[in-house]
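# structure of the sequence below:
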Amino acid sequence: MTLRRGGASARPALSAPSAEVGRWRRAQRAGRRWGAWGLALGALLGVATQAPAQWLADALQQATGGRVLLAQAEGSVWQGSAVPVLTGGPGSRDASALPGRLHWQLRPGWSGLTLHATQACCLSGALQARLSPRWGGWTLQLDGRPDGQPLASWPAAWLAGLGTPFNTLQLGGLLQVATPGLTLQSAQGRLQVAGALMLELRDTQSRLSPLPVLGSYRLRIDGLPPGQPGAGTGDGARLQLDTLDSAGQISPLRLSGNGQWSGARLRFRGQAEAAAGQDGPLANLLNIIGRRQGALSVISIG
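Okay, the predicted model is just below:
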């Protein structure tokens, strides 16, 4: 009986240290797991904050079908610089770069990403835009200039990088972009546009014509509000092409047309014609711009 009582009394004395060891081991394993999670999270944050600028360049190249490139990208996704290049897409030998580097800053926030971009050669001040995710889509807001001043001014020769027909036209002059504010909203495959965007070709020239200046032109893009006649559901935007005549001067090349853009599809119908007495110097150019119908060159897209 004494031996049984002695054996029974020894068990609690042995189990107490064993329980402490078990708890210690469990705490050790939990600490290792938390440590592993911490290392993984730290590595993920490190990659996110130090993601190279080339990742942004690759994303833009893919999104534009290889037609807009950020060459010689330096820095990170969040703060970097590169040389903007236009190309004709995969397999094209055409490419045209802007002078100077584009500098950008991307700032994440609760509502999405904010872009701040500058470029000494071509941007008037800083370009500001915001990209916000939405259920089944996204919203892009581009800040404008209420005073009508252009956001950007690029040499028209830059367009030659896009290939045909710009590489044949070899345009000279200035391409300007202006907006009082523009919002693009994509949801479930539908695009809605609010605001306006103006693209202007100023003092246009072409190697296909001996004339020193062909004229100045504006392509205006206006959002279609829901319920507007001809707007359907309010998707997309209306396009209007006009010739800008300066006071007392008639542009030798006359351009006009209109169309509609839905994001997935562009439809445009327009025409080009020579001003009185300018048919000879503009004959080659009119043959390239569109399909000839007598004195007119018909432009048809989509």
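# residue ranges with poor pLDDT in the protein?
Flagging of the chain using pLDDT under 70 yields the residue ranges 1-50, 226-234.
# now the residue nearest the centre of it: which helix or strand?
Central residue of the chain (C-alpha atoms, centre = their mean): Leu60, 7.3 Å from the mean position. In the assignment (DSSP states H and E), Leu60 maps to helix 53-63.
# list of residues touching that helix?
With C-beta atoms under 8 Å, 6 or more residues apart in numbering as the contact definition, helix 53-63 has outside contacts at 68-71, 73-77, 80-82, 106. Where you see a C-beta, it was placed from the backbone N, CA and C, and this is true even at glycine.
# how about stretch 141-148?
Residues contacting stretch 141-148 (C-beta under 8 Å, 6+ apart): 124, 127-130, 132, 151, 178-183, 195.
# ok, 7 Å please
Outside of stretch 141-148, the residues within contact range by C-beta atoms under 7 Å, 6 or more residues apart in numbering are Gln128, Ala129, Arg130, Leu151, Ala178, Thr179, Pro180, Gly181, Leu182, Thr183.
# can you flag the buried ones in those residues?
Arg130, Leu151, Ala178, Thr179, Leu182 (16 or more other C-beta atoms under 10 Å).
# nearest to Gly270 among the residues you listed?
Ala178 (20.8 Å; C-beta to C-beta).
# give me the beta-bridge partners of Arg107?
Thr114 (DSSP bridges).
# next one: it relative to Gly163, how far apart?
Arg107 sits 35 Å away from Gly163, taking C-beta to C-beta, to the nearest Å as the criterion.
# Asp203 now?
Distance from Asp203 to Gly163, by C-beta to C-beta: 24 Å.
# likewise for Pro150?
25 Å.
# buried residues in stretch 119-132?
Gln119, Cys122, Leu123, Ser124, Leu127, Arg130, Ser132.
# hmm, back to that, next SSE downstream of the helix holding Leu60?
Criterion used, DSSP H and E; the element after helix 53-63 is strand 68-75.
# what does the helix or strand following that next one contact?
Going down the chain from strand 68-75, the next helix or strand is strand 79-87, by DSSP H and E. With contacts defined as C-beta under 7 Å, 6+ apart, strand 79-87 is touched by 53, 57, 66-75, 94-98, 101-105, 158-159, 161-162.
# gap between strand 79-87 and the chain center?
Counting by C-alpha atoms, centre = their mean, to the nearest Å, strand 79-87 is centred 12 Å from the centre of its parent chain.
# the very next helix or strand once past it: which residues count as buried?
Sequence-wise, the next helix or strand downstream of strand 79-87 (DSSP H and E) is strand 95-97. For strand 95-97, the neighbour count (16+ other C-beta under 10 Å) marks Ser96 as buried.
# tell me what strand 95-97 is packed against?
Secondary-structure packing of strand 95-97 (3 or more C-beta pairs under 7 Å, 6 or more residues apart in numbering; DSSP states H and E): strand 79-87.
# change it to 10 Å
strand 68-75, strand 79-87 (3 or more C-beta pairs under 10 Å, 6 or more residues apart in numbering; DSSP states H and E).
# now Ser153: closest residue in space that isn't a chain neighbour?
Closest residue in space to Ser153, ignoring its immediate chain neighbours: Gln176 at 5.0 Å, by C-beta to C-beta, 6 or more residues apart in numbering.
# double-check that that neighbour belongs to a strand.
Yes. Using DSSP: H, G, I helix; E, B strand; the rest coil, the assignment for Gln176 is a strand.
# backbone phi and psi for Trp78, please?
Main-chain torsions, Trp78, degrees, to the nearest 10: phi -80, psi -30.
# how many neighbours does it have?
17 (other C-beta atoms under 10 Å).
# ok, the nearest residue to it once chain neighbours are set aside - contacts?
Of all residues not flanking Trp78 in the chain, Leu106 sits nearest, at 4.9 Å (C-beta to C-beta, 6+ apart). Contact analysis of Leu106 by C-beta atoms under 10 Å, 6 or more residues apart in numbering lists Leu56, Ser76, Val77, Trp78, Gln79, Gly80, Leu113, Thr114, Leu115, His116, Ala117, Leu131.
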